[in-house]
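> Output the structure for:
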Amino acid sequence: MIKRPDYINRLLKFKDADIIKILAGVRRCGKSTVLDMYKTVLINDYGISEENIFQKKYTTWKLSENYNASDMYNDIKAAIDGKGRCYLLLDEIQEIDGWEKVVNSLFEGYDVDIYITGSNSKLLSSEISTYLSGRFIQIDIFTLSLAEYREFRDNRSLSNDELFKRYLLYGGFPLVATLDNDTSDAYQIVEGIYSTVISNDIARRHRILNKELFDRVVRFIMENMGKTFSANSIVKFLKSEHRSIAVETIYNYINWLEEAFIIYRCNRYDIQGKSVLKTQEKFYLADISLKYSQFGYDTKGIAASLENIVYLELRRRGYKVYVGKDSNKEIDFVAVRRDEKVYVQVCRQLPTESDREIANLLEIKDHYPKYVVCMDRLASGNENGVKLVHISDFLIQENW
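This next block holds a predicted model:
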């Protein structure tokens with residue numbers, strides 16, 4: 001089992017804190033494995049008896065048809081009664097209707113430290129705000145970073161550049177990283193993940209009647225990852241294909257895709273006014289391989305894939321990430337973490353694309369770090385305070 005220490009350390013930060021820990025992310029990104037690792041750490045490093053750890057995965061195929069919240073509560077209660085401090089590792093609990101009431105009852109009535117995973121932000125719905133208000137923290141779990149991918153591949157003989165080319169081609173789902181697949185096999189695995197989320201987690205749960213139209217909207221969003229578009233622009237596009245759909249339906253589809261962690265919304269940030277704008281957002285995928293599984297790998301789309309990869313890396317490192325607006329110019333990413341800020345421009349090649357990217361950054365008159373990140377190995381050095389860096393180096397280095 002390959003460790004993912006960043007997530008383990010975040011969990012340990014909240015160990016025994018009087019708060020429920022929710023691990024959330026797209027299916028198959030590694031949430032269950034993180035829980036398994038955390039259990040091992042509790043036993044080996046903290047001396048917690050295995051008797052005091054209750055771990056269960058609540059996926060539908062492992063549960064009887066009539067298994068319900070009452071069964072869930074009784075199972076856990078029977079396992080922890082009279083044992084003192086216990087650790088509850090509850091995996092994919094969104095499958096149990098009413099789970100939040102069970103968790104709330106256990107949290108209030110027993111000496112427990114609770115950890116939850118789920119693949120749908122039903123975990124953070126208004127119902128949960130009612131039952132768990134102020135009592136939970138969400139820890140986002142993403143697919144593999146490049147540094148984690150290197151560990152999963154267990155191949156340090158590859159240079160960072162060679163490793164990145166493979167990462168760009170296959171994406172970061174852990175299952176794909178551990179197998180020696182060709183691209184068709186890899187994308188078939190991701191297609192299975194995609195289909196499960198789209199068909200089960202969204203279409204079935206929300207009773208979408210026109211599945212073909214929903215699929216077309218999803219594909220439009222994937223084709224336009226990293227581009228500015230609106231619900232109205234999707235409606236107009238579909239109208240050009242002689243399909244009719246309401247704007248409100250598009251909003252619902254986008255929200256449901258976010259809830260299932262297939263896409264992430266990136267709002268615009270007015271650098272001069274220092275305010276978040278609610279229009280002209282961009283959307284990025286939970287993993288670039290999701291797009292490849294539907295459209296295949298296309299070198300023409302590499303620039304968008306690079307942007308998506310950098311966005312996810314910034315999120316993994318705990319930044320809130322925005323698209324920067326500076327007058328009539330755009331900065332790919334403004335990343336904010338507490339009192340830190342980083343500006344990042346992403347492009348494919350130097351020098352043809354770099355002059356514009358550097359010029360836009362130089363117009364920002366503050367002293368926060370500014371980067372132009374690209375795939376060109378000639379990208380190195382510093383131009384008037386703007387650092388030029390190869391994307392593999394940017395992703396691998398621990399501190400920027």
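> so Gln280 is in which element?
strand 275-285 (DSSP states H and E).
> what comes up buried for the following helix or strand past that strand?
Moving toward the C-terminus from strand 275-285, the next helix or strand (DSSP H and E) is helix 288-295. For helix 288-295, burial by neighbour count (16 or more other C-beta atoms under 10 Å) applies to 288-294. From N, CA and C alone the C-beta is placed, and that goes for glycine too.
> what's next to helix 288-295, contact-wise?
168, 170-173, 176, 183, 186-188, 190-191, 193-194, 219, 222-223, 225, 262, 285, 301, 305, 308-309 (C-beta atoms under 8 Å, 6 or more residues apart in numbering).
> domains for this protein, by residue range?
Listed by automatic domain parsing, the domain ranges of the chain are 5-140, 146-396.
> I'd say Leu361 and Lys370 touch.
Yes. With contact defined as C-beta atoms under 8 Å, Leu361 counts as touching Lys370 (4.4 Å).
> Between the two, which contacts overlap?
343, 386.
> burial of Lys165, as a residue count?
14 (other C-beta atoms under 10 Å).
> Could you look up the SS state of the residue nearest to Lys211 when sequence neighbours are not counted?
If the residues on either side of it in the chain are set aside, Lys211 comes closest to Ala203, at 5.5 Å by C-beta to C-beta, 6 or more residues apart in numbering. Classification of Ala203 by DSSP: H, G, I helix; E, B strand; the rest coil places it in helix.
> Model confidence score at Ala203, please.
Looking at Ala203, its pLDDT is 94.
> Surely it and Glu212 touch.
No. If you go by C-beta under 8 Å, Ala203 and Glu212 don't touch, sitting 10.6 Å apart.
> Distance check, the closest residue to Leu63 other than its chain neighbours against Ile128.
Nearest residue to Leu63 in three dimensions, chain neighbours excluded: Glu95, at 7.1 Å (C-beta to C-beta, 6+ apart). Per C-beta to C-beta, to the nearest Å, Glu95 is found 15 Å from Ile128.
> Contacts only, for Val112.
With C-beta under 8 Å, 6+ apart, Val112 has these contacts: 80, 85-88, 106.
> now those in a markdown table, with neighbour count and secondary structure?
Formatted as a markdown table, the contacts of Val112 follow (neighbours: other C-beta atoms under 10 Å; DSSP: H, G, I helix; E, B strand; the rest coil):
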| residue | neighbour count | secondary structure |
| --- | --- | --- |
| Ile80 | 21 | helix |
| Arg85 | 13 | coil |
| Cys86 | 21 | strand |
| Tyr87 | 22 | strand |
| Leu88 | 21 | strand |
| Leu106 | 22 | helix |
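> Tell me where the stretch 251-400 of the chain has strands.
263-270, 275-285, 320-326, 329-337, 340-346, 370-374, 382-383, 386-390 (DSSP state E, counting those that start in this stretch).
> still on that earlier bit, pull out the buried members of the contacts of helix 288-295.
Here, 16+ other C-beta under 10 Å leaves 168, 170-173, 176, 186-187, 190, 193-194, 222, 225, 262, 285, 301, 305, 308-309 buried among these.
> before we move on, back to that, what about Ala203 and Glu212, which has more around it?
Ala203 (18 against 7).
> Show me which parts of stretch 33-46 are buried, residue by residue.
Applying 16+ other C-beta under 10 Å to stretch 33-46 flags 33-35, 37-39, 41-42 as buried.
> Just the residues contacting that stretch, thanks.
Contacts of stretch 33-46 (C-beta under 8 Å, 6+ apart): 1, 3-4, 7-8, 11-12, 15, 23, 48-50, 53, 55, 87, 89, 91, 115, 117, 141, 174.
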